[in-house]
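> Sequence isn't available, so here's the structure alone:
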Ligand SMILES: [Fe+2]
Ligand SMILES: [Fe+2]
């Protein structure tokens, strides 16, 4: 395979994974919002706002995939399921757990975006623009998470599980 072909494949893979990740984020916030409506009503506005951002991000990557005739990830359903489960469990563990989850997800995402942007800057400016367009929102979500979350030991298992399940899902999506 030519080097150019390899980099085109990598660009497609990057946008496909990001598209799938946004689906996961949408489902996390949807189930957290569902629980928050009962127990933490004051959080609903913030969760709604983050949910709207994730929907916009999903549409941005969906548009890119459709207009470049690139298929979406085969594991989209798994991202949905994983997102709903993660959001549901963390929300049941309390409002702090919601923010700890947000921080853990977004810090993994931001770390991932960093190398993607470096790669895309050299290989595909259009895809780079799409990825860059979500960065400020993800940073805002991350900062909200760290501001309202907690660094108490009791939340370490949540951080650990969320972080590594996100990493695993990202890795898996590069294969599917
Ligand atoms: Fe997003
Ligand atoms: Fe986000």
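Arrived safely. Note that the structure is a prediction, hence the values are computed from the model and not measured. Ligands and ions are numbered 1, 2, ... in the order given.
> from here on, contacts and neighbour counts on C-alpha atoms
OK.
> the bottom helix or strand of this protein by mean pLDDT?
Ranked by mean pLDDT, DSSP states H and E, the weakest helix or strand in the chain is helix 156-175, scoring a mean of 90.
> Now the element after the longest helix anywhere in the chain, going C-ward?
Ranked by residue count under DSSP state H, the longest helix found in the chain is helix 3-39. Under the assignment DSSP states H and E, the closest C-terminal helix or strand after helix 3-39 is helix 44-67.
> Just the angle for that following helix relative to helix 3-39, thanks.
Helix 44-67 runs at 150 degrees relative to helix 3-39, counting by axes from the mean of the first three to the mean of the last three C-alpha atoms, to 10 degrees.
> residues of helix 44-67 that come out buried?
Neighbour counts over helix 44-67 (16 or more other C-alpha atoms under 10 Å) mark 44, 47, 50-51, 53-54, 57-58, 60-62, 64-65 as buried.
> okay, those in CSV with pLDDT and distance to residue 96 next?
Listed next are the buried residues of helix 44-67 as CSV, based on pLDDT from 0 to 100; distance: C-alpha to C-alpha, whole Å:
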residue, pLDDT, distance to residue 96
44, 97, 14
47, 97, 13
50, 97, 16
51, 98, 18
53, 98, 21
54, 98, 21
57, 98, 25
58, 98, 26
60, 98, 30
61, 98, 30
62, 98, 32
64, 97, 35
65, 97, 36
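> Output those as a markdown table; include the columns distance to residue 172.
What follows is the buried residues of helix 44-67, written out as a markdown table (distance: C-alpha to C-alpha, whole Å):
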| residue | distance to residue 172 |
| --- | --- |
| 44 | 31 |
| 47 | 27 |
| 50 | 25 |
| 51 | 24 |
| 53 | 24 |
| 54 | 21 |
| 57 | 20 |
| 58 | 19 |
| 60 | 22 |
| 61 | 18 |
| 62 | 19 |
| 64 | 21 |
| 65 | 19 |
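> Having no further points to raise, I will conclude here.
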